[in-house]
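*Asks:* What shape does this take:
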Amino acid sequence: MSPERAAGRPEPGRLRPRGSSQGGLRQYNERVVLQAIRLHGPLPAADLARLTHLTAQTVSIIAKRLLDDGLLLKGEPVRGRVGQPSVPLSLNPQGAYAIGIKIGRRSLDVLLVDFGGQVQQRWALDYEVADPGVLLPAIAQRLKDIRRKLGPERHDRVQGVGIAAPLSMGGWQQLLGLPAAVADKWQHLDLALEVGGLTALPVTLVKDTAAACVAELVAGRGRTLKSFLYVFVDTFIGGGLVLDSHLHGGLHGNAGAIGSLPLGPAGRGGAAPPAQLLSRASLLSLERAYAAAGLEPGAVTDHRALQAPWRRHTERWLQDAAAAVAQAVQGAACLLDMEGVIVDGSFDRGLLQALLAATEPALQRYDWEGVARPPLLAGTIGSDARALGGALLPLYANFAPDSDLFLKVTDE
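*Replies:* All right, here's what the predicted structure looks like:
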C-alpha cells in the first residue's frame, strides 16, 4: 500500500471526483461519493469528505441515503489511537447490476456484472459463422436465465444492457468466409433495436474495441494513465484512444482503429495498396496457419499456442505481428503524446506476454530521435474486456458524476 493510500489521501494521478455543497446538486453529489468509493475502495465518512471536497455533514446525509437505498454497506468499525472508531463505507455488490454482451465474429459472451464491476456469471457460445438467426435466440435465452437467477427484486436493480460488437458485422465477407445470406442479414439488422425487443431494459451499442478500452480505462490501467493507445488483438486487431481520461471515438468512430493502418507506402500506377495491420497482427492469421498445418485452430486462444506442435507457427506469427504492431506504435507516437500503449487480447496471458516481448526489440529498431517512446504495457482485463466494457456503460451512465461517462484527472 502506498503512503498516500495508507494516509487516506488520493495517490498521484488518481481520478478525483469533486462535489459541491451547494443546493440542488443532490444526485450529482451522491454520484461523486459513490465514485470516490469505487476508485479508492472502502472509506470512512471523514476521508470521503476530504476526497470529494464536500462538508462532513453533506457526506453524512448522502451516506445515509445511499445506505437506505442499498447502494452502500457499512464495514466493521476501525479503532484508532484517539477519538471515535471510524466506519468504512463500501459499495454493496448487490446494489445494482448490468448485463454486458459481446458479439464477436467467432463467439458470443454474456456477463452479469454487479455494482462493484465484478462478474457474477458468464455464458459463452462459440461458432464458425456469426448468424443473427442463431445469436438473437441465444441472447434471448441468456436474458431469461439472468432474470431467473436474480429473481424479481434483484432483477429490478439491473441498470441496462451494453452490447459490444464490431461496427460492421457483415463486412470482411470474403476474408472471413461469411455466407452472402448471413452478411445480408447483418446489413439490414438494427442490433440494438433487436436486442431491445428482447428485454424491457435500456440497451446501448458500442464498438467492441471501444468497449474493451472502456473496461481498461475504468477498471484497469486507466486509473493511473491519463492518455494511452489501446490495442486489442482478436479475430481482427483493433484499438481505442484515451486522451485526458476520456475515450475519443472521433466523428466516424475511427479514432484508435489501428487495424486499418497501412504497413507501407502506397505504390504507383495500378499497384495494389499496401497491406493493413489487421492482415499481419490478427488472430485470424494465426488461426489459418494452424488450419493449414492440420492443427486445431482453436488453440489461438489458449495455452496450446505456445506448446508443440503449434509453437513454431505461433513464433512465426509473433515476429510478423510484433513488427506490424511496432510500426503502428511508432506512427501513433509521432502524432499523439501518450503515457503508454496498452496491449490486450482474447488470447492466453502467456501469448500476450510473448507478443509484448517480441514487440520490444521491434520498437528498438526505429529511430526515436525527437519523439518520446511510450512504454508498452500489458492489459489487465483480457478476453472479458469487451463484454465487461459493455456492462460498465449503463452502470456508469446511472451512477458516475460525469455525464460523459469518464472522469477527468485533476492535478491537485
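*Asks:* for the helix or strand residue 139 falls within, the distance to its chain's centre please.
*Replies:* Assessed by DSSP states H and E, residue 139 sits inside helix 132-155. Counting by Cα atoms, centre = their mean, to the nearest Å, helix 132-155 is centred 22 Å from the centre of its parent chain.
*Asks:* for stretch 68-78, same thing?
*Replies:* How far stretch 68-78 lies from its chain's middle: 28 Å, per Cα atoms, centre = their mean.
*Asks:* I'd like the average pLDDT over it.
*Replies:* Average pLDDT, stretch 68-78: 92.
*Asks:* and it, how far apart are its ends?
*Replies:* Using Cα to Cα, to the nearest Å, one end of stretch 68-78 lies 22 Å from the other.
*Asks:* And for stretch 73-87?
*Replies:* 10 Å.
*Asks:* Could you do stretch 155-169 as well?
*Replies:* End-to-end distance for stretch 155-169: 30 Å, by Cα to Cα.
*Asks:* Could you tell me how many residues sit around residue 369?
*Replies:* 5 (other Cβ atoms under 10 Å). C-beta: built from backbone N, CA, C; applies to glycine.
*Asks:* What of the one 4 residues further on?
*Replies:* With neighbours defined by other Cβ under 10 Å, the count for residue 373 comes to 14.
*Asks:* Is it in contact with residue 363, as I believe?
*Replies:* Yes: if you go by Cβ atoms under 8 Å, residue 373 and residue 363 touch, sitting 6.8 Å apart.
*Asks:* Residue 129 is in what secondary structure piece?
*Replies:* Under DSSP H and E, no helix or strand contains residue 129.
*Asks:* Distance check, it against residue 106.
*Replies:* 9 Å (Cβ to Cβ, to the nearest Å).
*Asks:* okay, those two: which has more neighbours?
*Replies:* More neighbours surround residue 106 than the other of residue 129 and residue 106, with 20 against 13 (other Cβ under 10 Å).
*Asks:* buried ones in the helix or strand encompassing residue 394?
*Replies:* When elements are assigned from DSSP H and E, residue 394 belongs to helix 385-399. Residues of helix 385-399 classed as buried: 385-397, 399 (neighbour count, 16 or more other Cβ atoms under 10 Å).
*Asks:* list the helices and strands it packs on?
*Replies:* Contacts defined by 3 or more Cβ pairs under 8 Å, 6 or more residues apart in numbering; DSSP states H and E place helix 385-399 against helix 26-40, strand 97-103, strand 107-114, strand 158-165, strand 203-207, helix 208-219.
*Asks:* residues of the longest one that come out buried?
*Replies:* I take that to be helix 26-40. Residues of helix 26-40 classed as buried: 29, 30, 31, 32, 33, 34, 35, 36, 37, 38, 39, 40 (neighbour count, 16+ other Cβ under 10 Å).
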